[in-house]
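Trainee: coordinates only, sequence not included:
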């Protein structure tokens, strides 16, 4: 079992609480000398001591999580990929483990530099083309919202519990399990009785999924949506009307404080989160997921929702004291754009674009309606089980455009035995895993035959007298 050394974090926590070593040792029920050894990284931080810290000081154990370290290491590796001198992985791990505040400061500086570069590029385009017009862009709002959800590990406990309470109300009032599309009637009644909102179904190819008119208190829902999709849209509107203050309390975060567009986008995202939690209430859904070994199709059938909805909800099941498997969720298109990405744990998605072509989420487009499995290993040695499936949806009718995406759901290999999709796979053979990365520019796998760009952390190899099987190889 890997030993965990967290001396610096513990010293910082003690300093923040204004405690001496003797006082903290007494509080934890250990000797001052033992505490001193832990703080000097001469002894590992044991589970029993960590639990005492959590219980006596009210500290979230995630502050001492190796997953948090892994996130920092991955982010540092990407941010410092083009540093003048290559920084080794052990050095990055040391910084993330022992100096996390410094690591976050470096990442903040990197983000500011990237934003400045974007603004400079926009200014150059504007000066060179009079048609540009408009104000210079700040950091993109959707990126700020992604970071916001990522920082919360894609779980908002207060909103999740509020949605679960609403689901229980629906069940008690109807005297029967209310799931998926069957929830639409209850939601329509709730909107009418509690908020004076009339629900109308909008016909026509150009109808919005959901359109609310505050002046007339009328909610228009596209008639073309399935019953469960209509319930989701009503649930979103109910969340905005009934849980608005709770949502605003969540988005009152420094990262969103100076960006109104990001705050509006986060508000919509959290309302959608409530709608998903309403259709798939936490305890019932987690119990079913564990009983069915996370079989996505069976879960969709039981709760009357689609494949993407189930996958997205699975990535949110991190309630303190009752967590599910910590999943990573992605939605990509054929061009490689990641339009949705959520992570309940340490998996790091690249900000530089150009995801790995060896990832099975791209192979899924060639085999629609099939669930593909992949054991994959990242450059840092961490292995994962990924499943992927292509989905398509859009407005019905001849000539209407369709949207096609690949949905990916992954977890750390240590959780894979809990999934039905691990059946028949050799999870213990490192050679059976597919080597993937966060993108060619930040991946140092020199022998990858699919490499599209050279690794920016290494000098470019160009030799007119040699031609390698792997592009830009050494």
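Mentor: That came in fine, so what should we check first? Note that the structure is predicted; figures quoted are calculated from it, not measured.
Trainee: where's the residue most central in space within the chain, which helix or strand?
Mentor: Central residue of the chain (Cα atoms, centre = their mean): residue 342, 1.7 Å from the mean position. Per DSSP states H and E: residue 342 is located in strand 338-343.
Trainee: Show me what counts as buried in that strand.
Mentor: For strand 338-343, the neighbour count (16 or more other Cβ atoms under 10 Å) marks 338, 340, 341, 342, 343 as buried. Every residue, glycine included, has its C-beta placed from N, CA and C.
Trainee: got it, and stretch 158-165?
Mentor: 159, 160, 161, 162, 163, 164.
Trainee: Stretch 13-27 too?
Mentor: 13, 14, 24, 25, 27.
Trainee: and the first one, how far is that from residue 101?
Mentor: I take that to be residue 13. 12 Å (Cβ to Cβ, to the nearest Å).
Trainee: Next: the last one.
Mentor: Note on residue 27: its distance to residue 101, by Cβ to Cβ, is 24 Å.
Trainee: Is residue 415 in a helix, a strand, or coil?
Mentor: helix (DSSP: H, G, I helix; E, B strand; the rest coil).
Trainee: Could you find the closest non-adjacent residue to it?
Mentor: residue 325 (4.6 Å; Cβ to Cβ, 6 or more residues apart in numbering).
Trainee: any idea which element that neighbour lies in?
Mentor: Counting by DSSP H and E, residue 325 is found in no helix or strand.
Trainee: What is the burial count for it?
Mentor: Residue 325 has 23 neighbouring residues, counting by other Cβ atoms under 10 Å.
Trainee: Would you agree it is in contact with residue 411?
Mentor: Yes: Residue 325 lies in contact with residue 411 (Cβ atoms under 8 Å); the separation is 5.2 Å.
Trainee: Now list whatever residues contact both of the two.
Mentor: Common neighbours of residue 325 and residue 411 (criterion: Cβ atoms under 8 Å, 6 or more residues apart in numbering): residue 419.
Trainee: from what I can see residue 179 touches residue 304, true?
Mentor: Yes: with contact defined as Cβ under 8 Å, residue 179 reaches residue 304; the gap is 5.3 Å.
Trainee: More neighbours: which of those two?
Mentor: Neighbours around residue 179 and residue 304, counted as other Cβ under 10 Å, are more numerous at residue 179. The numbers are 21 against 17.
Trainee: which stretch of helix or strand covers residue 112?
Mentor: helix 100-128.
Trainee: where does the stretch 201-350 of the chain dip in pLDDT?
Mentor: Scanning the stretch 201-350 of the chain with the threshold set as pLDDT under 70 gives 205, 344-350.
Trainee: Look up how far residue 36 lies from residue 9.
Mentor: Per Cβ to Cβ, residue 9 is found 15 Å from residue 36.
Trainee: ignore the last one, residue 374
Mentor: Residue 374 is 46 Å from residue 36, by Cβ to Cβ.
Trainee: higher neighbour count, those two?
Mentor: Taking other Cβ under 10 Å, residue 374 and residue 36 do not tie; residue 374 has more neighbours (22 against 15).
Trainee: out of everything not next to it in sequence, what's closest to the more buried one?
Mentor: Residue 374 sits nearest to residue 360 (Cβ to Cβ, 6+ apart), 3.9 Å away.
Trainee: I figured the one you found was touching residue 371, is that so?
Mentor: No: when contacts are counted by Cβ under 8 Å, residue 360 is not listed as touching residue 371 (9.9 Å).
Trainee: Determine the next helix or strand in the C-terminal direction from the host helix or strand of residue 51.
Mentor: In the assignment (DSSP H and E), residue 51 maps to helix 47-57. Later in the chain than helix 47-57, the nearest helix or strand by DSSP H and E is helix 66-79.
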